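[1] okay, predicted coordinates and the sequence, questions at the end:
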Amino acid sequence: MTRPTAAVLVLEDGTRYEGDAYGAVGTTLGEVVFSTGMTGYQETLTDPSYAGQIVVETAPHIGNTGVNAEDMESRRIWTAGFAVRDASRVVSNWRAEGSLDDALADAGVVGIRSIDTRAITRRIRSEGAMRGGVFSGEAAGLEPEEQLRRVREQEPMAGRNLSSVVSTDAAYVEPATSERIGSVAIIDLGIKRATVHALAARGFDVHVVPATTTIDELRALAPTAVFYSNGPGDPEASAAHVELLQSVLRDGTPFFGICFGNQLLGRALGFGTYKLPFGHRGINQPVRDQATGRIEITAQNHGFAVDAPIGEVVDTPAGFGRAEVSYVGLNDQVVEGLRCLDIPAFSVQFHPEAAAGPHDSADIFDRFRDMVLEHRRTTDAPEGAAEENA
Ligand SMILES: NC(=O)CC[C@H](N)C(=O)O
């Protein structure tokens, strides 16, 4: 008979890791990815970019700081599952309002603990990201062939569009928290609260709008600038958002994007995107600022990347003037940012909002504000209807 607390993580190549149930008990399927963050598990779990993924934490001891309402990056936990080596039996932090175990159970997120997360990480690192599943409680007792069949039956991450799953249903506004310079419309593809706060702190009234927003609705809002957020899924499966962005760029509206937003800017400019072997996830990822040579340690969470030539200024294939790669990842020379030279648009693949993560790149939000102010100065663009909507 299966122990009521038994759990097993099954990878699509048939590898199995037996442990104990953690969080909700049942079955979950998703892409198995590892994150190398030593801290910040609550921010990871509530980052909508992780929707559809079972996150394996490489840090061996997880849960000791519990969870609290303040560190939520969105309205809920989005990971499909969660795998840890050593789940803390006690919560010991003055900010904690509950345990991680209970938070996972309340959110219905199936987890697994007491498994060899290093072995899983090494397998994914050498074999690439894989589909997987966690089966706990009764499901742990299913025949291994049956578990493997379910794992292999699920859709792969490549080709998936998940924006509508995570996006807000209704638009909302967060007013500027420093001297107001204009408004920014965020297309919510999986926005994190820290990003909204960072933009409000740079003087923008932040209008967060659903992923289904049309170009006409966006124009009616007449924002000073447009922002594309981070988010789950494959950028190649987001043709509608690429088209929307091309209209924004043609309108001459200043644009900034983070992570998924960087991939969609890449595609809007006519570059390709591709799936990385196992992605970058963690808060210790080095990048080089190509303009200054400065190295920054960044927070990252991406499984796809932009395919653009590094080290040269190129004419964008889609006809938006010249562009260049602005940041390069130092572990594997992956494109970590794009800058347009003839239109007011740029993006980064990593996370300057850093929740969790180091603050090396916080100045990128200042650069966005500077770009918007410069655009206004050179075009003498009035602020438009945003004033009336404010
Ligand atoms: N954090 C993100 O925005 C992730 C973008 C995209 N889903 C990827 O995995 O690459």
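    Yep, that arrived.
[2] that's a helix at residue 364, yeah?
    Yes: assessed by DSSP: H, G, I helix; E, B strand; the rest coil, residue 364 belongs to a helix.
[3] just the pLDDT at it, thanks.
    pLDDT recorded at residue 364 is 97.
[4] and it, what does it touch?
    Neighbour list for residue 364: 348, 352 [criterion: CB atoms under 8 Å, 6 or more residues apart in numbering]. The C-beta positions use only the backbone N, C-alpha and C, and glycine is treated the same way.
[5] can you tell me how far it is from the ligand?
    Separation of residue 364 from the ligand (CB to the nearest ligand atom, to the nearest Å): 15 Å.
[6] look up phi and psi at the residue nearest in space to the middle of the chain.
    Computing the C-alpha centroid of the chain and ranking residues by CA atoms, centre = their mean puts residue 49 first, at 3.6 Å. The phi and psi values for residue 49, taken as degrees, to the nearest 10, are phi -60, psi -20.
[7] can you check residue 137 too?
    Main-chain dihedrals, residue 137, degrees, to the nearest 10: phi 60, psi -130.
[8] kindly report the same for residue 129.
    Main-chain dihedrals, residue 129, degrees, to the nearest 10: phi -60, psi 140.
[9] now do the SS call for the closest residue to the ligand within the stretch 51-200 of the chain.
    Going by CB to the nearest ligand atom, the ligand is nearest to residue 190 of the stretch 51-200 of the chain, at 6.5 Å. Judged by three-state DSSP, the three-state class of residue 190 is coil.
[10] next, the contact list for it, please.
    Applying CB under 8 Å, 6+ apart, we find residue 190 in contact with 47-49, 51, 74, 78, 162-163, 166-167, 229-232, 260.
[11] just list whatever residues bridge to residue 204.
    When assigned by DSSP bridges, residue 204 has beta-bridge partners residue 182.
[12] list, one by one, the residues from the stretch 251-390 of the chain near the ligand.
    The stretch 251-390 of the chain comes close to the ligand at residues 259, 260, 301, 302, 303, 304, as judged by CB under 6 Å from any ligand atom.
[13] start to end distance for stretch 314-327?
    End-to-end distance of stretch 314-327 (CA to CA, to the nearest Å): 15 Å.
[14] list the buried ones in that stretch?
    For stretch 314-327, the neighbour count (16 or more other CB atoms under 10 Å) marks 316, 320, 323, 324, 325, 326, 327 as buried.
[15] please, which helix or strand holds the third one?
    Pointing back at residue 323 there. Taking DSSP states H and E as the criterion, residue 323 maps to strand 322-329.
[16] need the residues that contact that strand.
    Residues contacting strand 322-329 (CB under 8 Å, 6+ apart): 269, 280, 285-291, 296, 300, 308-316, 334-342, 346, 348-350.
[17] strand partners of that strand, parallel vs antiparallel please.
    Paired with strand 322-329 in the same sheet, following DSSP bridges, are strand 272-289 (antiparallel), strand 314-315 (antiparallel), strand 335-340 (antiparallel).
[18] would you mind finding the most buried of those strands?
    strand 335-340 (a mean of 24; mean count of other CB atoms under 10 Å).
[19] what's next to the very next helix or strand once past it, contact-wise?
    Counting by DSSP H and E, the next helix or strand C-terminal to strand 335-340 is strand 345-348. The contact list for strand 345-348 (CB under 8 Å, 6+ apart) reads 228, 249, 254-259, 261-262, 265-266, 320, 326-327, 336-340, 361, 364, 367-368, 371.
[20] let's see that with 6 Å instead.
    For strand 345-348, contacts defined as CB atoms under 6 Å, 6 or more residues apart in numbering pick out 249, 255, 257, 258, 261, 262, 265, 337, 338, 339.
[21] contacting residues for the residue nearest to the centre of the chain?
    Contacts for residue 49 were tallied using CB under 6 Å, 6+ apart; they are 190, 230, 231, 232, 301.
[22] what about these, which are in strands?
    Judged by DSSP state E, the contacts of residue 49 include residue 301 as members of strands.
[23] neighbour-wise, which of the contacts of residue 49 leads?
    Using other CB atoms under 10 Å as the neighbour test, the contacts of residue 49 are led by residue 231, with 31 neighbours.
[24] quick check: the farthest pair among the buried residues of stretch 314-327?
    Maximum pairwise distance in the buried residues of stretch 314-327, criterion CB to CB, is 19.1 Å, between 320 and 327.
[25] residue 18 against residue 6, yeah?
    No: using CB atoms under 6 Å, residue 18 is not in contact with residue 6, being 7.2 Å away.
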